[in-house]
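> requesting a structural model of the entry that follows:
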Amino acid sequence: MKIHFIAIGGSVMHQLAISLKKKGYEISGSDDEIFEPAKSNLLAENLLPKKIGWQPEIINKSIDAVILGMHAKADNPEIAKAKELGLKIYSFPEYIYQESLHKKRVVIGGSHGKTTTTSMIMHVLQSLNKNFDYLAGAKLKDFNQSVSITNAPLIICEGDEYPASTLEKRPKFHFLFPHIAVITGIAWDHINVFPTFEIYKEQFIIFIQKIEKNGILIYNENDNVLKELVEKNKRNDIRYQPYSVPEHTIKNGITFITIDNETTSLKVFGNHNLQNLFAAFYVCKELGITTKNFLNTIQGFTGAAKRLELLSSNKTTNVYRDFAHAPSKAIATMDAVKKQFPNRNLIAVLELHTYSSLNKNFLEEYKNSMNQADKAVVFYSKHALELKQMPILLKEDVINHFQKENLIVFDNKDELMNWLKLQDYTNSNLLLMSSGNFDGLDLISFSSEITK
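Numbers count the residues shown, from 1 in each chain. As a prediction, the model looks like this:
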């Protein structure tokens, strides 16, 4: 097979290219910009394009398939050439499906918890030496890549609801056709793509219709929106497995979980993580893994990167970093930390970084979302607004919409850092929530300093 990647420098695209090369395919690719770590990864595999820019002259009839990344625009000259030659053009999820036609397909969808649930399943399968392929939204601990395509009989996919490519505007998870499907919850986000909640929910209805006949939907019945959606769109040719928060106890800051009368301690905590774990359990059960084997392996799971990730700690203070950015995610994360350490103060810092969160019209969704914090800070960067070509966001608008007493708002990273340095972290936990990087602040080094 000869495969060409348009926009090979993408985070998933370059890893898929590497994986297919290792499978024995002939790979070529192009891009108008390639950043680290993709640049070094492609160079190490001798897949880095010899020159930057689009090269329609290298598109020819010998190519079996063209895979199109999100970064490429509709007027890309290589797309035009591929169309002219009648070549098969795929978005990467469409191509993943082509490579998994004869595999059992597991797809984890939902507004939040996808990466954690996916990584839990992968952790268990790897620990038990199972042979499987995977597609994850981020690089996971103990896995060299976020994508692996081999001749394995099983594939685990994180199902993203964002558009598949510049040519294919339908969500990525509509192209994976699972035998085992998971929906972790539904909370409106991505208003630049889904302008209303009804349009957003419709994507999950379609996803349910894409489940293979005689397949199974594993869904979070604690999510009222999801539960109603599932009940209104029942199919009689698939099975359903609801899940919720499993039986558990917390002792001295450690969570113990019980399933089928078997109990184990965990390194992760919080109701949202326990729900993710229960979803992973039911997936593994469908794959023939016993409760005992599941619990024996899941107890060693330390979490996915940036998902309630412990950056540093001492006897009285923990510093966590979490990918939380949408209102429901922030609420769940703060709830988890407060319940795990009820006698500690919670200092919570939320960065508004996504298109939705920086949109004044969406801010009302954040009402009361920071109420669990003893000290609450919201940060946003003027630079992020400029990059997204969005209008100025006033601090007063943030304060008015969040409706949190004594909320502090910063739009300057130096002012934020100065404030953080002045706080007393004794008997307190610091929670840093963002899908960005706080405008480049080195919060990892800072977290180490305050817990020395």
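
> ok, I257 touching N276?
No: when contacts are counted by Cβ atoms under 8 Å, I257 is not listed as touching N276 (11.8 Å). In this view, the C-beta of every residue, glycine as well, is placed from N, C-alpha and C.

> spatially central residue in this structure, please.
Geometric centre of the chain, nearest residue: T115, 4.4 Å, by Cα atoms, centre = their mean.

> per-residue confidence at it?
Note for T115: predicted pLDDT of 91.

> make sure it is indeed in a strand.
No: T115 sits outside any strand when classified using DSSP: H, G, I helix; E, B strand; the rest coil, being helix.

> what separation do you get for it and D414?
Plainly put, T115 is 31 Å away from D414 if you go by Cβ to Cβ, to the nearest Å.

> contact partners of stretch 308-323?
115, 268-270, 273, 303, 306-307, 329, 333, 336-337, 341, 344, 425-435, 443-444, 447-448, 450-452 (Cβ atoms under 8 Å, 6 or more residues apart in numbering).

> of the residues you listed, buried ones?
Among those, those classed as buried by 16 or more other Cβ atoms under 10 Å are 115, 268-270, 273, 303, 306-307, 329, 333, 336-337, 341, 344, 425, 428-435, 443, 447, 450-451.

> check contacts around the closest residue in space to M13 that isn't next to it in sequence.
Among residues not flanking M13 along the chain, G69 sits closest, at 4.3 Å (Cβ to Cβ, 6 or more residues apart in numbering). G69 makes contacts with F5, I6, A7, I8, G9, G10, V12, M13, D31, F92, S165, as judged by Cβ under 8 Å, 6+ apart.

> from the residues you listed, which single one is nearest V283?
V12 (21.5 Å; Cβ to Cβ).

> can you get me a residue count around that closest one?
By the criterion of other Cβ atoms under 10 Å, V12 has 23 neighbours.

> ok, A74 next?
Neighbours of A74 (other Cβ under 10 Å): 10.

> hang on, it packs against K169?
No: assessed by Cβ under 8 Å, A74 is found out of contact with K169, at 10.3 Å.

> N345 and K421: what is the separation?
On the measure of Cβ to Cβ, N345 and K421 end up 17 Å apart.

> same question, Q299
For Q299 relative to K421 (Cβ to Cβ), the value is 37 Å.

> which one of those two is surrounded by more residues?
Q299 (14 against 10).

> quick one, grab the pLDDT at the more buried one.
Q299 is given a pLDDT of 95.

> show me where this protein has helices.
Here the chain has its helices, by DSSP state H, at 13-23, 38-44, 77-84, 92-99, 114-127, 197-209, 224-232, 271-286, 291-298, 327-340, 382-387, 395-402, 413-422, 443-450.

> can you list the strands that the longest strand anywhere in the chain pairs with?
Counting by DSSP state E, the longest strand found in the chain is strand 345-352. Each strand paired with strand 345-352, and its direction, by DSSP bridges: strand 375-380 (parallel), strand 428-433 (parallel).

> quick one: L387 from H353, how far?
Looking at L387 against H353, where the rule is Cβ to Cβ, the gap reads 10 Å.

> so which of those two has more stuff around it?
H353 (21 against 9).

> ok, that one - contacts?
Here H353 is in contact with H325, Y380, S381, A384, S434, S435, G436 (Cβ under 8 Å, 6+ apart).

> JSON lines please, covering these and showing pLDDT and distance to N60.
As requested, those are exported to JSON lines (pLDDT from 0 to 100; distance: Cβ to Cβ, whole Å):
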{"residue": "H325", "pLDDT": "80", "distance to N60": "43"}
{"residue": "Y380", "pLDDT": "95", "distance to N60": "47"}
{"residue": "S381", "pLDDT": "93", "distance to N60": "44"}
{"residue": "A384", "pLDDT": "87", "distance to N60": "41"}
{"residue": "S434", "pLDDT": "92", "distance to N60": "44"}
{"residue": "S435", "pLDDT": "85", "distance to N60": "40"}
{"residue": "G436", "pLDDT": "87", "distance to N60": "40"}
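
> tell me the one of those nearest H102?
Taking these together and measuring to H102 by Cβ to Cβ, the closest member is S435, at 35.6 Å.

> residues contacting the closest one?
Contacts for S435 (Cβ under 8 Å, 6+ apart) come out as F323, H325, E351, H353, T354.

> one more time with 10 Å, if that's ok
By Cβ atoms under 10 Å, 6 or more residues apart in numbering, the residues touching S435 are K306, D322, F323, A324, H325, A326, K329, E351, L352, H353, T354, S357.

> ok, and the most crowded of the residues you listed?
Neighbour-wise, the contacts of S435 (other Cβ under 10 Å) top out at A324, 29 neighbours.

> surely that one touches Y366?
No: in this structure, A324 is not within contact of Y366 by Cβ atoms under 10 Å, at 11.7 Å.

> hey, what's in contact with both of the two?
A330, I331, L350.

> any idea of the pLDDT on the residue lying closest to the last one once chain neighbours are set aside?
Spelled out, it's L350. In this structure, L350 finds its nearest non-sequential neighbour in M433, 4.7 Å apart by Cβ to Cβ, 6+ apart. Looking at M433, its pLDDT is 94.

> before we move on, what about F204?
So F204 comes in at 96 (pLDDT).

> near it, how many other residues are there?
Neighbour tally, F204, other Cβ under 10 Å: 24.

> count the residues that sit near K338.
By the criterion of other Cβ under 10 Å, K338 has 19 neighbours.

> just to check, it is in contact with N271?
No: applying Cβ under 10 Å, one finds K338 not in contact with N271, separated by 11.1 Å.

> strands of the stretch 101-250 of the chain, start to end?
For the stretch 101-250 of the chain, strands defined by DSSP state E, counting those that start in this stretch occupy the ranges 104-109, 133-135, 147-148, 154-158, 180-183, 216-220, 239-243, 247-251.

> tell me which of the ones you listed sits nearest to L125.
strand 154-158 (7.3 Å).

> any shared contact partners between L387 and H353?
Common contacts of L387 and H353 (Cβ under 10 Å, 6+ apart): S381.

> quick revisit: distance to W54 for the contacts of S435 - can I get that in TSV?
Converted to TSV, the contacts of S435 look like this (distance: Cβ to Cβ, whole Å):
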residue	distance to W54
K306	33
D322	38
F323	32
A324	37
H325	32
A326	35
K329	37
E351	34
L352	34
H353	29
T354	28
S357	33
